[in-house]
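[1] Generate coordinates for the sequence data below:
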Amino acid sequence: MNVLQTKVHTASDGFKANHAQYMELLDVLRQRQAHALQGGGEAMVRRHHERNKILVRDRINHLLDPMSPFLELSPLAAWGQYQNEVPSAGIVTGIGLIHGQPCMLIANDATVKGGSFFSETVKKHIRAQEIAEENSLPVIYLVDCGGAYLPKQDEVFPDKDHFGNTFYRQCQMSANGIPQISAVFGGCTAGGAYIPALSDEVVIVRGQGRIHLGGPQIVKAAINEIVDGETLGGAEMHVRVSGVADYLAENEAQALLRVRQIVKNLNRRSSVTAAIREPVAPLYDADEIHGIISSNLKQPYDVRELIARLVDGSELQEFKPEFGTTLVCGFAHWCGYPIGIIANNGVLFSEASVKGAHFIELCNQRHIPLLFLQNISGFMVGTEAERGGIARHSAKLVYAMATARVPKFTVLIGGSFGAGNYGMCGRGFNPRFLFAWPNSRIATMSADVASTVLRELRSSSLKSPPTEQELDTLEAETRAQFTEQSDPFYATSRLWDDGIIEPTQTRQVIGMCLALAAVEVPQAPPSPVFRM
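    Have a look, this model is predicted:
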């Protein structure tokens, strides 16, 4: 392979200015992540501890193999919504190792509205299950759940991708041999009761865990029976009488140890399908990425400079380097795993689109996963482009990408606008993972373009010609709307990505994703587990 040679001058004023501006972006990201890690706040954390309960991320730390990584997904879900009173959407999801077995963890945070489900909670829960199913990962549910947040029930309960879909997915995964394991640390009320009830094996903590379709208040309202929560759905009753749970734990630590034992005995065989090499560090420091990227998306840079700081040995076998130059395509290794990289270096012309489609077909043929590095204003427009068949050629790229059979991953490293988002494997095309950098932007078009377009459309109105002041107001409002809605925190809050990551974390994060994709678990015949 060819070793990429950097042309970046780290001592230049431009590099230093870019680096300083990016550090400000990272400061904001880290402050907001720190807020999310605090859960429901000091008072709720104190009450949680007073009940002899362990905080959700501490439970995860106790459960995972010592010193092993944990890839937390969408930690800033619901950021900026609900007066920021639902950090991480009240649920922690992510991938970690238990006895060397990669597992998906879905853990309620009871310090946040009692672990109740908001719209973003459901979406985050389903997204974790989706990833688990695609990568054949056992799912561990750490349940401390108050069910649906009733004031928002119309956003949580009735629709196809609402709360009920989580149970559908749980049943389908269990039937297809993907283990579903629950540990109950608190309340599992109403719909929340089905999380353990539909699991293959269930651990419940004495004196803390409760499972009931209707809590004491509902029972009293429905049949006028007065009963306390422990009698109705406590741990001892469910282990010794109802059989809903399988193992009684004296405390949370014992429950987590039991889960580890269950995973240890899953008897899951797997094989690695990729031609793995010994990982080699890039020749250049990933921290230099911060000085390469400008806060101004219009300022160009050579995307090869980023690739050189991410791939093994800074080596890239570039495909068609002299043709369709606004799209960089090439073969590389990433943390030892083979990968095909498709990265934007400008607007997409017809030549770049056809080149991208050709490269995707090569990766398909060779079973090489694809990584899309998005920094795209869109496909080229204008008379010349249309006459040259940009719609036809861009469709070739979209078609090849959409039908690719190999694992696909996407990182938004800059702008992600219009049809460019589609051609470069945006969320709608189901990449296995999609992450964003804190400088990224995503929208139908940039704020500048949107404000100009809407001003032009309004000024051409025949029914009520606008005044100049009205046009100025419209332009300002449109610019403000698109600036707010294209912000990466706005996007991650709504689960449009799987999380905002720092550029220096990208090599490790994508490396973990490639490792998951390279493992093949033999598919057993459907064998659903029916609880007693």
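[2] What residues sit buried inside the longest helix anywhere in the chain?
    If you go by DSSP state H, the chain has its longest helix at helix 13-37. Using 16 or more other CB atoms under 10 Å as the test for burial, helix 13-37 gives 15, 18-19, 21-22, 25-26, 29, 32-33, 36. From N, CA and C alone the C-beta is placed, and that goes for glycine too.
[3] Repeat that for stretch 212-231.
    For stretch 212-231, by 16+ other CB under 10 Å, it's 212-216, 219.
[4] Straight-line length of it, end to end?
    The straight-line separation of the ends of stretch 212-231 (CA to CA, to the nearest Å) is 10 Å.
[5] what about it, distance to the chain center?
    38 Å (CA atoms, centre = their mean, to the nearest Å).
[6] from the buried residues of stretch 212-231, which two are the most distant?
    Maximum pairwise distance among the buried residues of stretch 212-231 (CB to CB): 12.1 Å, between Leu213 and Pro216.
[7] Quick one: distance of stretch 9-20 to the chain centre.
    31 Å.
[8] Same question for stretch 482-493.
    Taking mean C-alpha positions (CA atoms, centre = their mean), stretch 482-493 and its chain are 15 Å apart.
[9] What lies in contact with that stretch?
    For stretch 482-493, the surrounding residues in contact (CB atoms under 8 Å, 6 or more residues apart in numbering) are 32, 74, 76-81, 120, 412, 436-443, 445-447, 450-451, 497, 499-500.
[10] about what we covered before: next, format the buried residues of stretch 212-231 as a markdown table and append secondary structure.
    Compiled in a markdown table, the buried residues of stretch 212-231 are given as follows (DSSP: H, G, I helix; E, B strand; the rest coil):
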| residue | secondary structure |
| --- | --- |
| His212 | strand |
| Leu213 | coil |
| Gly214 | coil |
| Gly215 | coil |
| Pro216 | helix |
| Val219 | helix |
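[11] List just the nearest of the residues you listed to Glu468.
    When the buried residues of stretch 212-231 are compared against Glu468 (criterion: CB to CB), the nearest one is Gly215, at 61.1 Å.
[12] Now for the nearest residue to Gly499 once chain neighbours are set aside, how many residues are close by?
    Using CB to CB, 6 or more residues apart in numbering and skipping the chain neighbours, the partner closest in space to Gly499 is Ser74 (5.2 Å). By other CB atoms under 10 Å, 29 other residues sit near Ser74.
[13] before we move on, back to that, mind checking which of the contacts of stretch 482-493 are in strands?
    Filtering those for membership in strands, criterion DSSP state E, returns 412, 436, 441-443.
[14] Which of the residues you listed ranks first by neighbour count?
    Leu412 (28 neighbours).
[15] for that one, which residues make a bridge with it?
    Taking DSSP bridges as the rule, Leu412 bridges to Gln374, Ala436.
[16] List the contacts of it.
    Leu412 touches 374-375, 434-437, 440, 442, 488, 497, counting by CB under 8 Å, 6+ apart.
[17] wait, which of the buried residues of stretch 212-231 is closest to Ser242?
    His212 (10.0 Å).
[18] partners of the closest one in the sheet?
    Assigned bridge partners for His212, using DSSP bridges, are Thr189.
[19] Tell me the spacing between it and Ala193.
    His212 is 6 Å from Ala193, where distance means CB to CB, to the nearest Å.
[20] Count the residues that sit near Ala255.
    28.
[21] For the remainder of this discussion, apply numbering that starts at 894.
    Yep, numbering from 894; the last one is Ala1148 now.
[22] so what pLDDT did it get?
    Here, the pLDDT recorded for Ala1148 equals 98.
[23] and if you look at Ser1357?
    Value for Ser1357, per-residue pLDDT: 80.
[24] same question, the one 5 residues further on
    Per-residue pLDDT puts Gln1362 at 88.
[25] How about the contacts made by it?
    Gln1362 neighbours (CB under 8 Å, 6+ apart): none.
[26] That one: which element?
    Gln1362 belongs to helix 1361-1378 when assigned by DSSP states H and E.
[27] what about the helix or strand following that helix, average pLDDT?
    Next in sequence after helix 1361-1378, counting helices and strands by DSSP H and E, comes helix 1381-1386. Across helix 1381-1386, pLDDT averages out at 97.
[28] for stretch 1006-1017, same thing?
    Stretch 1006-1017 comes out at a mean pLDDT of 93.
[29] mind checking the end-to-end distance for it?
    16 Å.
[30] Can you point out the buried residues in it?
    For stretch 1006-1017, by 16+ other CB under 10 Å, it's 1006-1017.
[31] just checking, what packs against the helix or strand bottoming out on mean pLDDT in the chain?
    The least trusted helix or strand in the chain, going by mean pLDDT, DSSP states H and E, turns out to be strand 1164-1165, with a mean of 82. Using 3 or more CB pairs under 8 Å, 6 or more residues apart in numbering; DSSP states H and E, the elements in contact with strand 1164-1165 are strand 1412-1413.
[32] Against Ala1343, how distant is the nearest residue to Ala1410 once chain neighbours are set aside?
    Residue nearest to Ala1410 in three dimensions, not counting chain neighbours: Pro1300, with 4.0 Å by CB to CB, 6+ apart. Separation of Pro1300 from Ala1343 (CB to CB): 34 Å.
[33] What ranges does the stretch 1244-1393 of the chain have for its helices?
    For the stretch 1244-1393 of the chain, the helices defined by DSSP state H, counting those that start in this stretch occupy 1276-1280, 1283-1295, 1311-1316, 1340-1352, 1361-1378, 1381-1386.
[34] Now distance to Leu1141 too, for these, in CSV please.
    Formatted as CSV, the helices of the stretch 1244-1393 of the chain follow (distance: least, CB to CB, whole Å):
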stretch, distance to Leu1141
helix 1276-1280, 68
helix 1283-1295, 49
helix 1311-1316, 50
helix 1340-1352, 57
helix 1361-1378, 49
helix 1381-1386, 39
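[35] List just the one of these that sits closest to Glu1123.
    Nearest to Glu1123 among the helices of the stretch 1244-1393 of the chain is helix 1381-1386; the distance by CB to CB comes to 37.7 Å.
[36] immediately after the closest one, which helix or strand?
    helix 1399-1410.
[37] show me where the stretch 944-1093 of the chain has strands.
    963-966, 984-991, 994-1001, 1032-1038, 1073-1082 (DSSP state E, counting those that start in this stretch).
[38] Pick the one among the contacts of Leu1305 closest to Gly1229.
    Phe1328 (19.9 Å).
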